[in-house]
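1. Below: sequence and its predicted model.
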Amino acid sequence: MFLGEYIYKIDEKGRLPIPPRFRKDLKEGLVAAAGVEPCITIYTASEWVKVAESLTSGAPSKMRRLNRALFANAFSLNIDGQGRIALPVTLRQHARIEDEAVVVGANTTLEVWNKELWAEEKALARQQAWQTIEGLERR
């Protein structure tokens, strides 16, 4: 389980440090993909396999499009000896990440956000989380 948030500088080669507590979970490799929101989603290798397997059923034309959208914007990466990953330019552009990023624990995945966009998303997520919890309590 990935928890917390961590702010890091991106170096001139586009490398991002992975929080030390998560490195062992990602040592076998990881997949970084464009998130639905303007962020980068990082999956463990085993979690990515689950995502891929879940996309094998459904209406063929819709699944083909979904597979194209997801897999064309995904990259298999490894952590280097200094605990960093090299974020592809296309993913950094998608997430509007330049010199600083926030690595966010999101349960089974990590997300990488532009610092300002994360502040906005976090405020919205907190507001909606309480609304969701209150809705669940009324049931």
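-> Received, thanks.
2. what's the closest non-adjacent residue to residue 40?
-> Excluding the flanking residues, the one nearest residue 40 by C-beta to C-beta, 6 or more residues apart in numbering is residue 112, at 4.1 Å. Bear in mind the C-beta positions are built from the backbone N, C-alpha and C, glycine included.
3. Touching stretch 38-47 from outside, list them.
-> Outside stretch 38-47, the residues within contact range by C-beta atoms under 8 Å, 6 or more residues apart in numbering are 25-26, 28-35, 51, 85, 87, 91-92, 94-97, 104, 106, 108-114, 117-118, 121.
4. Check stretch 91-108 too.
-> So stretch 91-108 is contacted by 1-10, 14, 16, 18-19, 22, 32-35, 38-41, 43-44, 47, 73, 75, 87, 110-115, 117-118 (C-beta under 8 Å, 6+ apart).
5. In helices only, show me these.
-> Assigned to helices by DSSP state H, the following of the contacts of stretch 91-108 qualify: 22, 47, 115, 117-118.
6. ok, residue 17 touching residue 10?
-> No: counting by C-beta atoms under 8 Å, residue 10 is not a contact partner of residue 17; they are 9.2 Å apart.
7. Mind checking the pLDDT average for the strand or helix carrying residue 69?
-> Taking DSSP states H and E as the definition, residue 69 sits inside helix 60-71. Helix 60-71 shows a mean pLDDT of 85.
8. Which pLDDT value does the model give the most centrally placed residue in the chain?
-> Centroid-nearest residue in the chain: residue 41, 1.5 Å away (criterion: C-alpha atoms, centre = their mean). What the model reports as pLDDT for residue 41 is 98.
9. how about the ones in helices among the contacts of stretch 91-108 in TSV, adding pLDDT, neighbour count and distance to residue 132?
-> As requested, the ones in helices among the contacts of stretch 91-108 are exported to TSV (pLDDT from 0 to 100; neighbours: other C-beta atoms under 10 Å; distance: C-beta to C-beta, whole Å):
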residue	pLDDT	neighbour count	distance to residue 132
22	96	21	26
47	95	17	23
115	97	15	25
117	97	16	21
118	97	23	20
